[in-house]
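K.L.:
with the sequence up front, the predicted model follows.
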Amino acid sequence: MKEYNFKEVEKKWQKIWEESGLHKTDFSESKNKLYVLEMFSYPSGNKLHNGHWYNYAPSDTWARFKKMQGFNIFHPMGFDAFGLPAENFAIKTGVHPKDSTDKNTVFMTEQLKQIGATYDWEKTLDTSKENYYKWTQWLFLQLYKKGLAYKANAPVNWCPKDKTVLANEQVINGTCERCGTQVIRKKLSQWFFKITDYAEELLEGLEKLDWPEKTKKMQFEWIGKSIGSEIEFKIKNSDKTFKVFTTRPDTLLGATYCTLAPEHELAEQITTQENLAKIKAYKEEVVKLSELDRLSASREKTGVFTGAFAINPINNEEIPIWISDYVLVTYGTGAVMAVPAHDERDFEFAKVFGLPIRKVILQKGTKIETELSEAYTENGTLVNSHGFDGMESVLAKQKITETLKQNGKGEAKINYRLRDWLVSRQRYWGSPIPIVNCEKCGEVAVCEKDLPVTLPYDVEFTPDGDSPLAKHKTFKDTTCPNCNGKAIREVDTLDTFICSSWYYLRYPSVGNDEVAFDFEITKKWLPVDRYVGGAEHATKHLLYARFVTKALRDLGFLGFDEPFLSLTHQGTITGADGRKMSKSLGNVINPEPYVEEFGSDVFRVYLMFNFAFEEGGPWEDSQVKAINKFIKRLYNAVQNGILVFETQNNFVQTQEEKKAGSELYYVLNNSLSGIWKDTEKFHFNTAIARMMELVNEIYKYFSLPKENQNPATVREVITKLVLAFAPFAPHLSEEMWRDLGNTDSIFKESFPKYDESKLQKEMVEIVLQVNGKIREKIEAERDLGTKLVEEIALSNEKIKTFTDGKQILKVIVVPNKLVNIVVR
RNA sequence: GCCGAAGUGGUGGAAUAGGUAGACACAGCAGACUUAAAAUCUGCCGAACGUAAAAGUUCGUACCGGUUCAAUUCCGGUCUUCGGUACCA
């Protein structure tokens, strides 16, 4: 029998597919179009790792499965090539980010091709190339013109020694990963995208998306809508005021102090002379903390009294103003009215500093004078609230807000936790921001016709306080598009999340240098029908892409609301130790040795069989050999089958053949039915299990004497087996398809259908229970009446031993499954 | 801390409009073939008690409790692990 040589065969088919243009998409035909997309990869020095394979290989199986259902597939792949790692690598080794990135991209493309996927390589893209980032800059300009891009101050991680901005991951326990210096939070002028303008729509749009519920939930919580009131407090002996946002205006009379974020603009202004030194010292400590630290409720509360007092607008009471790091300047107004009796954090703070705790909400069944041992944060009845006593929380919220509004001291307000998207980076390896600053005209957008603002190659990366581009004179110095006078360019670059927020729009239009995306093609081919990628992007990339889509729609460029109609997450493959794969932990597993030893098909099937696609799990490879064996078994079954139906011409039917044949047809249909349903849902492991059952059954049939094997049966079963396996092991299946006498690609065929009528067996097993415990299993004809089944169960000898002498209370019959007899 | 998930044999994993827990595999054990090994094939394979062997009984889906004739599935609580927490992508 023929031996299967995967090395030759896989290479051969990859070549044939490429040369015949099998995976090229015909964009003129949008009937039955299906845009399948996986999150593109960052071309890191670690090359393609198992995580990529785990994302891409099964998704490709899904795409091929869909192709065999007659869909016109568009399945592109590209590179998210700008980013921090290349720049860090450059700082460390001196290798230019462009050089290392280009090298990695070439290498990874070769590795991607080994997967044998249906990628249309004519439509690939690389976000670090001018012909891509030109349009990233164009996108920035569109948002800028619409007023969705603006500049403001925001804190960044700053290493005082290196004089450079650090990414969160470069901060290790509050210190700089390069030099170990204590990192501080420093304010810099930065560009933002106004994603908050779309908060409500981003929230509402979630409902109609075919996305995992958990992802929608995460975005929902991330956007964090809360309904409440904004209340203005006046500062005593001053004309200054500040606003607080609260979801509990009903507790306003329980406010015993106010707290400002240390960064609040009033914090120092209102502080009295004798407290200024303390406030300054406190602020110096706070800049050392990350937001994560500050939000941690397990830390003991800290804070300092400013010496100033605020006037409670509802009763003119004077209450002290403190500053504390548990109030964040980025949420709400950066100031809170503190109601220790009814807010956990305020309660803790009040305990630490001995501030008064005044109960204003009464919990049902408790007394007014009972002291609180912890904050009571639920609704209740108002007490100690002059003029509002006896009201329920819900009504009081409304009434108090109304009263404030009449006095111009407050109003109902919806607040979102979502913050605007900070898009500027003080780095080199990213797209330049297409803005210049003119001495006369101020901030001016670069003209669209002058795009791209090219990222220069010859720069100095060494961190020394300025963005690398700031030291590049010919880049920085330019002329104003308005007045032609002297101007300087923005020297920051754009967040790489911008590159990935619109790349799905670009793919079908790759090659068109006139526009970011062709209007006609986009209308026909977008949005993405199925998007596959990691759940770790839930609240960033996936939210940004939704925002950009909506913004471009409002600008008139797009006719749809959502970029990704349906979404599937592959699980994370962790190291064998269960921890995230990372170079520093030394637990990274690469695909090469597996592909080298067993071939792409085996590795694909292995990844799909050994993990639940959406779960992932720790790496383990004990079953790779088993899959290799299974594939050989399948291949040999096909070869043997071909031998049978090509040479067998004296078939004699026997009773045994009839029985085996009918069993084989049952398993064939049952397997195909399972494979259809499971593959559709990305449940590849169970689909492959059904395939294994079919192969096992085929071997059983082959154990009949040669002359008793029906060649027609064998031909049908083998043909369907090969077709069904094609999306899973594409190279092998093409080869087997050829062995079966076909000349064209198997992927032009239809996925084999199954016969629903053959899925029901005549006899079913019925479980007999007494008091919920299984006591007997019987064979019975399908669809017997409930009464009859009940009688059979009650008259069963074994069952009688459990029911004799007992009172039968109830009999539950689940058709074709089970009978439960309840006795006492 | 907060938000979102997950926890099932020695292992990877099946099964949830509540209805036979462990499909399909791996590892292991026993056997066939072989001079032998590999490869291949066949059988057994959650635990305890029980039996010469069966039969059988009880327990068992992280832990504690609840709802129900019936719970891996639904509800409440606890623990552990993973993802995110706004400059990793």
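P.N.:
Received it, and whenever you're ready, just let me know what you need.
K.L.:
who in the stretch 651-800 of chain A is up against RNA strand B?
P.N.:
A:683, A:685-686, A:688-689, A:692-693, A:696, A:699, A:765, A:767, A:769, A:771-775, A:777 (C-beta under 7 Å from any atom of the strand). C-betas here are computed from N, CA, C, even on glycine.
K.L.:
make it 6 Å
P.N.:
Within reach of RNA strand B by C-beta under 6 Å from any atom of the strand, the stretch 651-800 of chain A has these residues: A:685-686, A:689, A:692-693, A:696, A:765, A:767, A:771-775, A:777.
K.L.:
narrow these to those in strands?
P.N.:
The strands, defined by DSSP state E, take in A:765, A:767, A:773, A:774, A:775, A:777 from those.
K.L.:
show the pLDDT at the nearest residue to the first one once chain neighbours are set aside.
P.N.:
So that's residue A:765. Distances taken as C-beta to C-beta, 6 or more residues apart in numbering put residue A:777 closest to residue A:765, at 5.6 Å, once the chain neighbours are dropped. Looking at residue A:777, its pLDDT stands at 88.
K.L.:
tell me which other helices or strands the biggest helix by length in chain A touches.
P.N.:
Counting by DSSP state H, the longest helix found in chain A is helix A:655-680. When contacts are defined as 3 or more C-beta pairs under 8 Å, 6 or more residues apart in numbering; DSSP states H and E, helix A:655-680 sits against helix A:50-67, helix A:684-702, helix A:711-725.
K.L.:
for RNA strand B, see how far away residue A:423 is.
P.N.:
Going from residue A:423 to RNA strand B by C-beta to the nearest atom of the strand, to the nearest Å gives 8 Å.
K.L.:
what sits against the residue nearest to that residue when sequence neighbours are not counted?
P.N.:
Leaving out its chain neighbours, the residue that sits closest to residue A:423 by C-beta to C-beta, 6+ apart is residue A:495, at 4.6 Å. Contacts for residue A:495 (C-beta atoms under 8 Å, 6 or more residues apart in numbering) come out as A:421, A:422, A:423, A:424, A:425, A:430.
K.L.:
run through the stretch 551-700 of chain A and note the low-pLDDT ranges.
P.N.:
Within the stretch 551-700 of chain A, no stretch has pLDDT under 70.
K.L.:
err, chain A, not the other one
P.N.:
In chain A, residues with pLDDT under 70: A:1-2.
K.L.:
next one: residue A:611 from residue A:574, what distance?
P.N.:
Separation of residue A:611 from residue A:574 (C-beta to C-beta, to the nearest Å) stands at 11 Å.
K.L.:
neighbours of the residue nearest to residue A:223 when sequence neighbours are not counted, how many?
P.N.:
Distance criterion C-beta to C-beta, 6+ apart; nearest residue to residue A:223, sequence neighbours excluded, is residue A:418 at 4.6 Å. Residues near residue A:418, counting by other C-beta atoms under 10 Å, number 20.
K.L.:
then residue A:801?
P.N.:
Residues lying near residue A:801 (other C-beta under 10 Å) number 11.
K.L.:
which secondary structure element is home to it?
P.N.:
helix A:797-803 (DSSP states H and E).
K.L.:
by contact count, what packs against that helix?
P.N.:
Helices and strands touching helix A:797-803, by 3+ C-beta pairs under 8 Å, 6+ apart, are strand A:763-770, strand A:773-781, helix A:786-795, strand A:818-823.
K.L.:
before we move on, the earlier item: I'd like the residues of the stretch 651-800 of chain A next to RNA strand B laid out as TSV, including neighbour count.
P.N.:
Shown next, in TSV, are those (neighbours: other C-beta atoms under 10 Å):
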residue	neighbour count
A:685	17
A:686	16
A:689	16
A:692	16
A:693	15
A:696	13
A:765	12
A:767	15
A:771	14
A:772	9
A:773	9
A:774	11
A:775	17
A:777	11
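K.L.:
ok, back up a step: now do the buried residues in the helix holding residue A:801.
P.N.:
The neighbour-count check on helix A:797-803 (16 or more other C-beta atoms under 10 Å) flags A:799, A:802, A:803 as buried.
K.L.:
and stretch A:263-272, by the same measure?
P.N.:
A:263, A:264, A:266, A:267, A:270, A:271.
K.L.:
against residue A:291, how distant is the fourth one?
P.N.:
Between residue A:267 and residue A:291 the computed distance is 17 Å (C-beta to C-beta).
K.L.:
quick one: the residue nearest to residue A:765 and residue A:764 touch, right?
P.N.:
No. Using C-beta atoms under 8 Å, residue A:777 is not in contact with residue A:764, being 10.6 Å away.
K.L.:
anything in contact with each of the two?
P.N.:
By C-beta under 8 Å, 6+ apart, no residue touches both residue A:777 and residue A:764.
K.L.:
excluding residues flanking it in the chain, which one is nearest residue A:538?
P.N.:
Using C-beta to C-beta, 6+ apart, the closest residue to residue A:538 is residue A:218 (4.4 Å).
K.L.:
neighbours around the one you found, how many?
P.N.:
Number of residues near residue A:218 (other C-beta under 10 Å) recorded here: 16.
K.L.:
quick check: it touching residue A:539?
P.N.:
Yes. Here residue A:218 reaches residue A:539: they are 5.6 Å apart, a contact under C-beta under 8 Å.
K.L.:
my guess is residue A:46 meets residue A:592, correct?
P.N.:
No. At 11.6 Å, residue A:46 does not count as touching residue A:592 under the criterion of C-beta under 8 Å.
K.L.:
which one of these two is surrounded by more residues?
P.N.:
It is residue A:46, of residue A:46 and residue A:592, that has more neighbours when counted by other C-beta under 10 Å, with 17 against 13.
K.L.:
and the more buried one, how far from residue A:111?
P.N.:
11 Å.
K.L.:
likewise for residue A:49?
P.N.:
From residue A:49 to residue A:111 the distance is 10 Å (C-beta to C-beta).
K.L.:
who touches both of these two?
P.N.:
By C-beta under 8 Å, 6+ apart, the residues touching both residue A:49 and residue A:111 are residue A:591.
K.L.:
circling back to that earlier point, and the residue nearest to residue A:423, how close does it get to RNA strand B?
P.N.:
For residue A:495, the distance to RNA strand B equals 6 Å [C-beta to the nearest atom of the strand].
K.L.:
and that residue, how far is that from residue A:564?
P.N.:
20 Å.
K.L.:
same question, residue A:90
P.N.:
From residue A:90 over to residue A:564 the distance is 33 Å, taken as C-beta to C-beta.
K.L.:
residue contacts, residue A:582?
P.N.:
By C-beta under 8 Å, 6+ apart, residue A:582 lies in contact with A:575, A:588.
K.L.:
what residue in the stretch 351-500 of chain A comes nearest to RNA strand B?
P.N.:
Relative to RNA strand B, the nearest point of the stretch 351-500 of chain A is residue A:419 (3.8 Å; C-beta to the nearest atom of the strand).
K.L.:
tell me which parts of the stretch 1-150 of chain A are close to RNA strand B?
P.N.:
A:42, A:80, A:83, A:84, A:85.
K.L.:
can you pick the most crowded of these?
P.N.:
Of these, with other C-beta under 10 Å as the count, residue A:83 tops at 23 neighbours.
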